[in-house]
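# Would you be able to build a 3D model of this:
(one chain, ligands or ions: 1)
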Amino acid sequence: MLSLNGKRALVFGVASEDSIAWALAQRLAEQGVKITLGYQKRFLSRLMMLVKEKPWIEAWHECDVTVEEDVKKFFSTVHGKYDILVHAIAFAPATALSRPILFTSAEDFATALNVSAYSLVRLTHYSMPVLNKGSSILTLTYLGSERVVPGYRVMGTAKAALESLVRELAMAIGPAGHRVNAISAGPIKTLAASGVPGFDNILEWMRQNTPLRKNVTQDDVAKAGCFLLSDLASGVTGHILYVDAGYNISGAPADLEQLAGAMKAVAAQNPPTQ
Ligand code: NAP
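Numbers count the residues shown, from 1 in each chain. This next block holds a predicted model:
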């Protein structure tokens, strides 16, 4: 149905079994896709455990996406042609995430945008010679690109840039028959997410306030990813698809009446001092 059987994918961003990219790789494999991983060395031992006894993983190569030579080497090492590229990469220095945006250094700003946004341009550029016509590229973004989410800080700017790049790249690679889309995922507990201050509060808030009254899972994202990467989405490019249990459509807390009641009770216990 998805027509993914026999296709080959390059997947960047698997750091652990909790990675969104890992869920996507597993779902693609179920559909008959062979996977090559690009990984950063940091969690090599964890990656080695994951790839063990997975016949659907063809290869794995080290690749720091901020190092041009690494990316060049990666694409000269892979063999044959591919149909899918997954970019599930983000990083911002803790010094930027832990302090108000007013104190973001130019260096931290550049790092966040380089890793989290520019890397999509670099990977797309170098992948062109190894992609079959009609290939599909997918990246991951977050609502912090368009609204202020506490603790997300410079990552919001990086994701805004990433989303803009999805549209620019769609226009640039469309004439060659390739597509590029993004999924704006709801919050999910992963290694990258654990760097966002107050992340557990965001998770809890979403669980209580999404239309579906749940947090999305890696697998929710992976299933939607399979759609965008498949021929079922052959007419979709430059698109940001929300996989966030519907949170993006909400304009106020789900149970406003209850929240207002609780706020009144707190205010009554703490009357303003004269
Ligand atoms: P994750 O498992 O920690 O994945 C992030 C990946 O980025 C890791 O594999 C990390 O590798 C890689 N990475 C960072 N810097 C890199 C570099 N210079 N070169 C190569 N790889 C690099 O977390 P995740 O949540 O699945 O994140 C995947 C994507 O989903 C990210 O774009 C994230 O912003 C997005 N997203 C996540 C959520 C969420 O709540 N989890 C929500 C919306 C969107 P190392 O760990 O080895 O550095």
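# Below-threshold pLDDT in the chain: ranges please.
Applying pLDDT under 70 to the chain picks out residues 274.
# in the longest helix seen in the chain, what's buried?
In the chain, taking DSSP state H as the definition, the longest helix is helix 154-173. The neighbour-count check on helix 154-173 (16 or more other CB atoms under 10 Å) flags 154-163, 165-166, 169-170, 172-173 as buried. Every residue, glycine included, has its C-beta placed from N, CA and C.
# ditto for stretch 207-227
Within stretch 207-227, judged by 16+ other CB under 10 Å, the buried ones are 209, 210, 215, 216, 217, 218, 220, 221, 222, 224, 225, 226.
# State the distance from the nearest residue to residue 47 once chain neighbours are set aside to residue 138.
Closest residue to residue 47 apart from its sequence neighbours, by CB to CB, 6 or more residues apart in numbering: residue 39 at 5.2 Å. Distance of residue 39 to residue 138, given as CB to CB, to the nearest Å: 17 Å.
# same thing with residue 216?
Using CB to CB, residue 216 is found at 16 Å from residue 138.
# what does residue 65 give?
In this view, residue 65 and residue 138 are 15 Å apart by CB to CB.
# Count the neighbours of the residue nearest to residue 214 when sequence neighbours are not counted for me.
Among residues not flanking residue 214 along the chain, residue 245 sits closest, at 5.3 Å (CB to CB, 6+ apart). Counted with other CB atoms under 10 Å, the neighbours of residue 245 add up to 19.
# Pretty sure residue 245 sits against residue 208.
No - with contact defined as CB atoms under 8 Å, residue 245 does not reach residue 208; the gap is 11.0 Å.
# now the helices for the chain?
20-30, 44-51, 68-77, 94-97, 106-113, 119-127, 154-173, 199-209, 218-229, 256-269.
# out of the ones you listed, nearest to residue 185?
helix 218-229 (4.8 Å; CB to CB).
# packing partners for the closest one?
Judged by 3 or more CB pairs under 8 Å, 6 or more residues apart in numbering; DSSP states H and E, helix 218-229 is in contact with helix 20-30, strand 82-87, strand 131-141, strand 179-185, strand 240-243.
# let's see 7 Å
Identification of packing neighbours for helix 218-229 by 3 or more CB pairs under 7 Å, 6 or more residues apart in numbering; DSSP states H and E yields helix 20-30, strand 131-141, strand 179-185, strand 240-243.
# Now residue 151: closest residue in space, sequence neighbours ignored.
Closest to residue 151 by CB to CB, 6+ apart is residue 197, at 4.0 Å.
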